[in-house]
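Student: Prediction below, plus the sequence it came from.
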There are 4 protein chains.
Amino acid sequence: MSGGKAMAAPKLTRKELTDRLGAEFPEASHAMGEYEIEEVWHGGCRLRQRYNARSLRPGGTLSGATMMSLGDFAMYVAVLSAVGWVPLAVTTNLTINFLKKPPARDLLAEARLIKLGKRLAVGEIGIRADGEDDLVAHVTATYSIPA
Amino acid sequence: MSGGKAMAAPKLTRKELTDRLGAEFPEASHAMGEYEIEEVWHGGCRLRQRYNARSLRPGGTLSGATMMSLGDFAMYVAVLSAVGWVPLAVTTNLTINFLKKPPARDLLAEARLIKLGKRLAVGEIGIRADGEDDLVAHVTATYSIPA
Amino acid sequence: MSGGKAMAAPKLTRKELTDRLGAEFPEASHAMGEYEIEEVWHGGCRLRQRYNARSLRPGGTLSGATMMSLGDFAMYVAVLSAVGWVPLAVTTNLTINFLKKPPARDLLAEARLIKLGKRLAVGEIGIRADGEDDLVAHVTATYSIPA
Amino acid sequence: MSGGKAMAAPKLTRKELTDRLGAEFPEASHAMGEYEIEEVWHGGCRLRQRYNARSLRPGGTLSGATMMSLGDFAMYVAVLSAVGWVPLAVTTNLTINFLKKPPARDLLAEARLIKLGKRLAVGEIGIRADGEDDLVAHVTATYSIPA
């Protein structure tokens, strides 16, 4: 993913996003406790999900649910980075391909929008284990942007 | 979904599934604490996810992650119901369409396999809020079955 | 799929749909030459695609492209059946699972809407070979409805 | 997509692929008449689909079926480029997001594998109109590789 190349300024900075998401989400301890926004640009971001033993599955791998939630949340942040603060943007569709079993380690998700319309935004998100090149999962998602 | 019509006997009963999933998953408190297998037949099942305030999102709706996890787990139970105890069956692909905002209430997921091959199983899962007819989300998922 | 159960009257009858689709599409010979609308109701339809040797692939099976096109077109007809004549409705997202190799025979697609909003409609489509019960492919698709 | 970066040698050259696909597919005039393999590397390729008035839809845009077929075929060539000549490799799952209406012009599809396992290959494909930067469609697809 090449989202980082252009790096136009996001509508909300990393600090603004972290503060607002932490303050306004009832489940903030969940979302912003597990996730850290490492970098954000216009139309994209990179999130880190800290390793948590609760996400382990039989075989020492991380649960699919962990990766789906991370991918969805990274897309949400990418939408906010391009549109501004629209907390009621909602996912309408998400497809995930699980590519290899992630090790018990931090995950990194890099999201970039591939379409930004007035009503719909579409993005793709690659998820890697920290320190590895291969993707462990690949997500495409569509968000509906309220008027 | 008409999975319930045929209702051939599952390879594992509801009680066997509930006991084994609860015992062998490290995150059992998660999976089998939130989910209840209401009914299981060969190639399908109906799960209930008890309402939990932690799953709330802004606007009083349930998070997308909640529905994705429920859909994926219902598919897992449907695979076990048809193949027997293969705990290392893994999701390779999952697509979810979010159809309407679920109210703050229990969710019911009904899964049925639409393909059961030697290596791959494909299923569809409808998710409803308790007491409602309309789907709140629709999932299709593919599982890889270990040899 | 149980779309046929309710069978409320469609906004456009089978004859109206067949005539208008045949008349107004430049590639009409394609669309309405290969496809026949067998039945239509409010929010759903059943189409037949006549067997055509040009769709054959190595191994005597029908091409995936054939099934994708059929599924997409069945969804289009289902949208028109519920919304009326909105020819510029367009697919925004389509997921297809190929379940078994279809024989060299007519295909039947049954579509039903699972969401009908003001801006988006979501449907699922099951595709079978004529005379068989098993699905050869399963499609979910989202259409954007122009204002 | 960065598939072109590494550019390891493909298992089959552009000429070998073009010749074999043209010779062995009954519908060859279809596949290799419309498509041209512009470049191929290990795990990826770029195809051109020549503009054809038959693919037009109301509004002067290209049909969704055109883009689905192109994306699926580009993935097929990417699989062959990495695995060698396995003509019976089949699509098991394909998701397409339509991003903007393509103009009446040649289309270019660039495919790259994001997973190459023994049984399954997963890839993503970006589709552009000739001379434009924005994607008109984005595809992810899974192929099953025969033993």
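Tutor: Cool, got the structure.

Student: which stretches of chain A have low pLDDT?
Tutor: For chain A, the stretches with pLDDT under 70 are A:1-6, A:25-33, A:58.

Student: what do you get if the cut-off is 80, keeping everything else the same?
Tutor: A:1-7, A:24-33, A:53-62 (pLDDT under 80).

Student: so what's A:L94 bridging to?
Tutor: As for beta bridges, A:L94 partners with A:A141, B:I96 under DSSP bridges.

Student: Is the longest helix seen in chain A in proximity to chain B?
Tutor: Using DSSP state H to define each element, chain A has its longest helix at helix A:64-83. Yes: Helix A:64-83 lies within reach of chain B by C-beta under 8 Å from any C-beta of the partner chain, at A:G64, A:A65, A:M68, A:S69, A:D72, A:F73. Any C-beta I mention is one placed from the backbone N, CA and C, and that applies to glycine too.

Student: Is the last one in contact with A:L47, as I believe?
Tutor: Yes: between A:F73 and A:L47 there is a contact under C-beta atoms under 8 Å: 6.8 Å.

Student: mind listing the helices for chain A?
Tutor: Counting by DSSP H, the helices of chain A are A:14-24, A:28-34, A:64-83.

Student: Could you look over those helices and pick the most buried one?
Tutor: helix A:64-83 (a mean of 25; mean count of other C-beta atoms under 10 Å in any protein chain shown).

Student: Residue numbers of chain A in contact with chain C?
Tutor: A:T92, A:N93, A:T95, A:R119, A:L120, A:T142, A:S144.

Student: what's near enough to touch the fourth one?
Tutor: The contact partners of A:R119, taken as C-beta atoms under 8 Å, 6 or more residues apart in numbering or on different chains, are A:S144, A:I145, A:A147, C:R119, C:S144.

Student: next one: phi and psi at A:E132?
Tutor: Torsion angles at A:E132 (phi, psi; degrees, to the nearest 10) stand at phi -120, psi 160.

Student: For it, give me its contacts.
Tutor: A:P103.

Student: Name the residue of chain A with the shortest distance to chain C.
Tutor: The minimum distance from chain A to chain C, using C-beta to the nearest C-beta, falls at A:N93 (5.2 Å).

Student: Count the neighbours of that residue for me.
Tutor: Burial of A:N93 is recorded as 24 neighbouring residues (other C-beta atoms under 10 Å in any protein chain shown).

Student: Please tell me I have it right and it contacts B:I96.
Tutor: Yes: if you go by C-beta under 8 Å, A:N93 and B:I96 touch, sitting 7.1 Å apart.

Student: Distance check, the nearest residue to the residue of chain A closest to chain C once chain neighbours are set aside against A:L94.
Tutor: Spatial nearest neighbour of A:N93, chain neighbours left out: A:T142 (4.4 Å); criterion: C-beta to C-beta, 6 or more residues apart in numbering or on different chains. Applying C-beta to C-beta, to the nearest Å, the value for A:T142 to A:L94 is 8 Å.

Student: Need the helices of chain A in JSON lines (columns: distance to D:A23).
Tutor: What follows is the helices of chain A, written out as JSON lines (distance: least, C-beta to C-beta, whole Å):
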{"stretch": "helix A:14-24", "distance to D:A23": "55"}
{"stretch": "helix A:28-34", "distance to D:A23": "54"}
{"stretch": "helix A:64-83", "distance to D:A23": "42"}
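
Student: Out of the ones you listed, which is closest to C:L21?
Tutor: Nearest to C:L21 among the helices of chain A is helix A:64-83 (35.9 Å), distances taken as C-beta to C-beta.

Student: can you pull the alpha-carbon coordinates of the closest one into CSV?
Tutor: Presented in CSV, the C-alpha positions along helix A:64-83 are these (Å, rounded to 0.1, in the frame of the first residue of the first chain):
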residue,chain,number,x,y,z
GLY,A,64,-10.0,-13.6,13.4
ALA,A,65,-12.3,-11.3,15.4
THR,A,66,-9.2,-9.4,16.5
MET,A,67,-8.2,-8.7,13.0
MET,A,68,-11.6,-7.9,11.7
SER,A,69,-12.1,-5.3,14.5
LEU,A,70,-8.7,-3.8,13.8
GLY,A,71,-9.3,-3.5,10.1
ASP,A,72,-12.7,-1.9,10.6
PHE,A,73,-11.3,0.6,13.1
ALA,A,74,-8.4,1.5,10.9
MET,A,75,-10.8,2.2,8.0
TYR,A,76,-12.9,4.4,10.4
VAL,A,77,-9.8,6.4,11.3
ALA,A,78,-8.9,6.7,7.6
VAL,A,79,-12.4,8.1,6.8
LEU,A,80,-12.2,10.6,9.7
SER,A,81,-8.8,11.7,8.4
ALA,A,82,-10.3,12.6,5.1
VAL,A,83,-13.7,13.9,6.0
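
Student: got the residues of chain A near chain D?
Tutor: So chain A meets chain D at A:1-2, A:95, A:97, A:99-100, A:114-115, A:122, A:124, A:135, A:138, A:140, A:142 (C-beta under 8 Å from any C-beta).

Student: Widest-spaced pair of those residues?
Tutor: The widest separation within the residues of chain A next to chain D (C-beta to C-beta) is 27.7 Å, between A:K100 and A:K115.

Student: any idea which of the contacts of A:R119 is closest to chain B?
Tutor: Closest to chain B, out of all of the contacts of A:R119 and judged by C-beta to the nearest C-beta, is A:S144, at 8.8 Å.

Student: tally of neighbours for the closest one?
Tutor: A:S144: 18 neighbours (other C-beta under 10 Å).

Student: Excluding sequence neighbours, find me the nearest residue to it.
Tutor: Closest to A:S144 by C-beta to C-beta, 6+ apart is A:T92, at 4.9 Å.

Student: can I assume the one you found is in contact with C:K115?
Tutor: No: between A:T92 and C:K115 there is no contact under C-beta under 8 Å: 9.3 Å.

Student: residues shared between the contacts of these two?
Tutor: B:N97.

Student: neighbour count winner among the two?
Tutor: A:T92 (25 against 19).
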